[in-house]
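Colleague: sequence and predicted model, in that order:
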Amino acid sequence: MTKRNGIFWGVVTVAVVVLFVCDLLLGSTSLTVSEVWNALTVGGESEVAVIVRRFRLPKAIVAALCGAALGASGLQMQTLFRNPLAGPYVLGVSSGASLGVALFLMGAPLVGYGSVAFSLGMVGAAWIGAAAIFMLIVSVSRRVKDIMVVLILGVMFGSVASAVVEILQYFSTESAVKNYVVWTMGSLGNVTSAQLSIMAPVVIVGLLLSVVTIKPLNAMMLGEQYAATMGINVRRSRMAILISTTMLAGTVTAFCGPIGFLGLAVPHVVRMATGTADHRVLMPGTILAGAALMLLCDILSKMPTSQLTLPINTVTALLGIPIIIVVIVKGRNLF
């Protein structure tokens, strides 16, 4: 590890800690560091303790997990497809999750509230939708050797899911469509403590699996044929990357909605900051930078007004799109 990379890791680690604390301090009611510390250590059921432990702390943890998950999955997709504009939702996982939520919010009311789909809940429906698309991708990847064909088919599966969602929107009530549109804007504050106890382990396992894929990712930068000559089991490595990406992107989408642009932009930020393509540096750097950037987005979403919070997707778009534009305009060879 070079001195430059060590400085970057140190800076981004400190940024995660500072932004996490700031996320606890800022909101409709600004708190001091001592008030937050007492709420976390002393306990009790004071107003400050309830605000910190029940609302701000879970939301900050969700923000860090989402950022890390989207960053890691974006890096894996860009390397696997050797495409700087590939994102964590490139395989249609987000569209599958959106279809599950659409069936829950707009399809279930059409057939009656007693249906099995309605009892699953929005998170369960999104997870099932993401898993369904993933199983299609897995079945295809076992038979197709060309990874670009897998990419194209993933996009097609996502397009089909999006088409079904539009049909449901056409026939659904105004309130159901409104609920779905609000979900697509993304939210970090709707994850309960019980849901976080499910979300956190799944994301952590997905992140650990992404770390395991570091060596195959380094080999795949020059193509799958080159990776095979290096002794990498390409099919097994590809499957591990697909599973990791689906666990990360699918879980974030299920619990927080389809949060865009962050997973696409963060890997480029880390590449430019470290000046390397070595995933031993990029993967941990992207995980930390993703967590920091999502915490920053959560803080910014609370800044314009003391009473309302902006949809998280609007903030990630405003931060992520300029980075993507710079990548396209410069046309840098990042692989």
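Modeller: Thanks, I have it.
Colleague: all helices of the stretch 201-335 of the chain, in order?
Modeller: According to DSSP state H, counting those that start in this stretch, the stretch 201-335 of the chain carries its helices in the segments 214-220, 224-229, 234-256, 262-274, 279-301, 312-330.
Colleague: so which of those is nearest residue 153?
Modeller: Judged by CB to CB, the one of the helices of the stretch 201-335 of the chain that comes nearest to residue 153 is helix 234-256, at 12.4 Å. C-beta: built from backbone N, CA, C; applies to glycine.
Colleague: nearest residue to the middle of the chain?
Modeller: In the chain, the C-alpha nearest the mean C-alpha coordinate belongs to residue 70, at 3.2 Å (CA atoms, centre = their mean).
Colleague: that residue sits in which helix or strand?
Modeller: According to DSSP states H and E, residue 70 maps onto helix 57-80.
Colleague: packing partners of that helix?
Modeller: Applying 3 or more CB pairs under 8 Å, 6 or more residues apart in numbering; DSSP states H and E, one finds that helix 57-80 contacts helix 3-25, helix 193-212, helix 214-220, helix 234-256, helix 262-274, helix 279-301.
Colleague: can I get the ones you listed in TSV with mean pLDDT and mean neighbour count?
Modeller: Formatted as TSV, the helices and strands packed on helix 57-80 follow (pLDDT from 0 to 100; neighbours: other CB atoms under 10 Å):
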stretch	mean pLDDT	mean neighbour count
helix 3-25	89	16
helix 193-212	91	16
helix 214-220	90	21
helix 234-256	87	24
helix 262-274	89	24
helix 279-301	93	25
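Colleague: just to revisit the earlier point, nearest to residue 124, out of the helices of the stretch 201-335 of the chain?
Modeller: That would be, of the helices of the stretch 201-335 of the chain and by CB to CB, helix 234-256, which comes in at 8.0 Å.
Colleague: now the angle from the closest one to helix 312-330?
Modeller: Counting by axes from the mean of the first three to the mean of the last three CA atoms, to 10 degrees, helix 234-256 points 140 degrees away from the direction of helix 312-330.
Colleague: so what does helix 234-256 touch, helix or strand wise?
Modeller: Using 3+ CB pairs under 8 Å, 6+ apart, helix 234-256 sits against helix 57-80, helix 93-102, helix 116-141, helix 193-212, helix 214-220, helix 224-229.
Colleague: the residue nearest to the centre of the chain - nearest residue in space that isn't next to it in sequence?
Modeller: Leaving aside its chain neighbours, residue 70 sits nearest to residue 263 (3.6 Å; criterion: CB to CB, 6 or more residues apart in numbering).
Colleague: circling back to that earlier point, let me have the helices of the stretch 201-335 of the chain in CSV, adding distance to residue 203 as columns.
Modeller: Shown next, in CSV, are the helices of the stretch 201-335 of the chain (distance: least, CB to CB, whole Å):
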stretch, distance to residue 203
helix 214-220, 18
helix 224-229, 27
helix 234-256, 6
helix 262-274, 13
helix 279-301, 11
helix 312-330, 16
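Colleague: contacting residues for the residue nearest to the centre of the chain?
Modeller: 88, 248-249, 252, 259, 262-263, 266, 290, 294 (CB atoms under 8 Å, 6 or more residues apart in numbering).
Colleague: what do you get for residue 180?
Modeller: 101-102, 105-106, 165, 169, 172.
Colleague: among those, name the buried ones.
Modeller: Neighbour counting by 16 or more other CB atoms under 10 Å classes 101-102, 105-106, 165, 172 among those as buried.
Colleague: so residue 132 versus residue 158, what's the distance?
Modeller: 12 Å (CB to CB, to the nearest Å).
Colleague: hang on, I meant residue 165
Modeller: Look at residue 165 and residue 158: by CB to CB, they are 10 Å apart.
Colleague: before we move on, what about residue 170?
Modeller: For residue 170, the distance to residue 158 - CB to CB - is 19 Å.
Colleague: dump the helices and strands packed on helix 57-80 into TSV; add distance to residue 176 as well.
Modeller: Output for those, formatted as TSV (distance: least, CB to CB, whole Å):
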stretch	distance to residue 176
helix 3-25	32
helix 193-212	22
helix 214-220	41
helix 234-256	19
helix 262-274	28
helix 279-301	25
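Colleague: so residue 161 touches residue 103, yeah?
Modeller: No. Residue 161 is beyond contact range of residue 103, at 10.2 Å (criterion: CB atoms under 8 Å).
Colleague: list the residues that contact both of these two?
Modeller: Here residue 161 and residue 103 have residue 129 as joint contacts, going by CB under 8 Å, 6+ apart.
Colleague: so how far is stretch 166-176 off the chain centroid?
Modeller: Relative to the centre of its chain, stretch 166-176 is centred 26 Å away, using CA atoms, centre = their mean, to the nearest Å.
Colleague: mind starting the numbering at 2 from now?
Modeller: In the new count, where the first residue is 2, that last one comes out as stretch 167-177.
Colleague: quote the end-to-end distance of it.
Modeller: Start-to-end span of stretch 167-177 (CA to CA, to the nearest Å) is 13 Å.
Colleague: going by neighbour count, list what's buried in it.
Modeller: Using 16+ other CB under 10 Å as the burial criterion, the residues of stretch 167-177 that qualify are 169, 173, 177.
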